[in-house]
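Enquirer: Sequence and predicted structure below; questions after.
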Amino acid sequence: MKRFGSPGRREIGHGRLAWRSFKAVLPEEKSFPYTIRVVSDILESNGSSSMATICGGSLAMMDAGIPVKAAVAGVAMGLVKEGDAWAVLTDIAGQEDHYGDMDFKVAGTRNGITALQMDIKISGISREIFAAALEQARRGRMFLLDKMEATLQAARPELSEFAPRLLSIHVPEDKIRDVIGSGGKTIRALQKEYSCKIDVQDDGTVTVATNDLGTAEKCLEAIKALTTTPEIGTEYEGTVKRIEPYGCFVEILPGLDGLVHISELAPGRVRETTDVVKMGDKVKVKIIAIDPVNGKVKLSRRQALTPEESAAEVERLGLTAPAPGSDEDRGGDRPFRREGGFGDRDRGPRPGGGGFRGGRPGGGGFRPR
């Protein structure tokens, strides 16, 4: 055994051959964004150590849950030639390699060859010898694959519990800044909250790495929420952040809230906003308007309810159902109005002067006839 140190030419060559053998069956990076490291320690050899690495490495990747397309096996073929007489050997040992005339390594799946490597000590081989070596290698490969599949027929459906979870999504390039935030503030907050590592590429690919699959999925949902553009008709489950006499404000996306007018809280006449919602409540709402000038969002809780939920809400709150075609019944058909102040339902008397003149608003008092 050689002393411990950096890899030599032999180790590097064997590793390169194994990588070429596996490359054809590995999943695409987009569907499996992992770096795969296969370590093969050969403690004793009664055959080809590089081919043993291929067989063992294939089983190891399948056992780890890497979705390889097929199992890969390899076998080393030898040759003994004397004059016109020759014999092809299968799975050569060290002495057969040393005294023989050829070391021909063949690796592949049941469907075909993925890698070849040949070392010969003679000037060349005939087509007949080459064909015989390939045929014997095919039979040997099938024998090895039978033994391997008797142990593990395909890649395990789930990744090993010891592997980190990597989940990726693609966001529009103009939304990358929303994920990173000013000076990296947003991405640092996400990594701290979900105890994960987030990588953002220039093309908009965002990868989340963590040991907990559930945490990774929650982090991805938060990133999707940061990069989602609200659209009219979309429904969300939001949180009540502010309550006013004229309605409540519901946060539907991180940093984005909208007004649910009191007439859109429930399917009936609501006297007080707090009769329907409280601070911190989770409510289902629907976007019914977006102000084209300032981007403010108008929401409806009433229109997000199913008929069954609407009936239950009327009964629970003791509401009076609105008359068909009334302002409360139309709900979202009204134009977008300002939040609070004049123009809202509970605005009170309209200012216009210092009193009444002749019984009409706008004057400075009563003037005698």
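Expert: Yes, it's here. If you're wondering where the values come from, they're calculated on a predicted model, not measured in any experiment. Numbering: from 1, shown residues only.
Enquirer: low pLDDT regions in the stretch 251-369 of the chain?
Expert: Low-confidence segments of the stretch 251-369 of the chain (pLDDT under 70): 320-369.
Enquirer: go with 80
Expert: Counting by pLDDT under 80, the ranges of the stretch 251-369 of the chain that qualify are 253-255, 317-369.
Enquirer: Let me see the ranges of the strands in it.
Expert: With DSSP state E, counting those that start in this stretch as the criterion, the stretch 251-369 of the chain has strands at 256-261, 282-290, 297-300, 355-357, 360-363.
Enquirer: Then the stretch 1-150 of the chain?
Expert: Counting by DSSP E, counting those that start in this stretch, the strands of the stretch 1-150 of the chain are 73-82, 85-90, 102-108, 113-120.
Enquirer: Let me know which of these is tucked in deepest.
Expert: Stretch with highest mean neighbour count among the strands of the stretch 1-150 of the chain: strand 102-108 (a mean of 24; mean count of other Cβ atoms under 10 Å). In this view, the C-beta of every residue, glycine as well, is placed from N, C-alpha and C.
Enquirer: Check which helices and strands that one is in contact with.
Expert: If contacts are counted by 3 or more Cβ pairs under 8 Å, 6 or more residues apart in numbering; DSSP states H and E, strand 102-108 sits against helix 9-23, helix 49-63, strand 73-82, strand 113-120, helix 127-151.
Enquirer: between those, which gets nearest to Ile252?
Expert: Of all those, it is helix 49-63 that lies closest to Ile252, at 43.2 Å by Cβ to Cβ.
Enquirer: okay if I get the strands of the stretch 1-150 of the chain as JSON lines plus distance to Gly183?
Expert: As requested, the strands of the stretch 1-150 of the chain are exported to JSON lines (distance: least, Cβ to Cβ, whole Å):
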{"stretch": "strand 73-82", "distance to Gly183": "52"}
{"stretch": "strand 85-90", "distance to Gly183": "64"}
{"stretch": "strand 102-108", "distance to Gly183": "50"}
{"stretch": "strand 113-120", "distance to Gly183": "48"}
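Enquirer: would a markdown table of those with distance to Pro157 and mean pLDDT be doable?
Expert: Output for the strands of the stretch 1-150 of the chain, formatted as a markdown table (distance: least, Cβ to Cβ, whole Å; pLDDT from 0 to 100):
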| stretch | distance to Pro157 | mean pLDDT |
| --- | --- | --- |
| strand 73-82 | 22 | 94 |
| strand 85-90 | 35 | 94 |
| strand 102-108 | 25 | 95 |
| strand 113-120 | 24 | 94 |
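Enquirer: Which one, of the strands of the stretch 251-369 of the chain, ends up nearest to Asp103?
Expert: Taking these one by one with Cβ to Cβ, strand 256-261 is closest: 66.3 Å.
Enquirer: ok, the closest one: who's next to it in the sheet?
Expert: Note on strand 256-261: by DSSP bridges, its sheet partners are strand 247-253 (antiparallel), strand 297-300 (parallel).
Enquirer: quick one, it and strand 282-290 angle?
Expert: With axes from the mean of the first three to the mean of the last three Cα atoms, to 10 degrees defining the directions, strand 256-261 sits at 90 degrees from strand 282-290.
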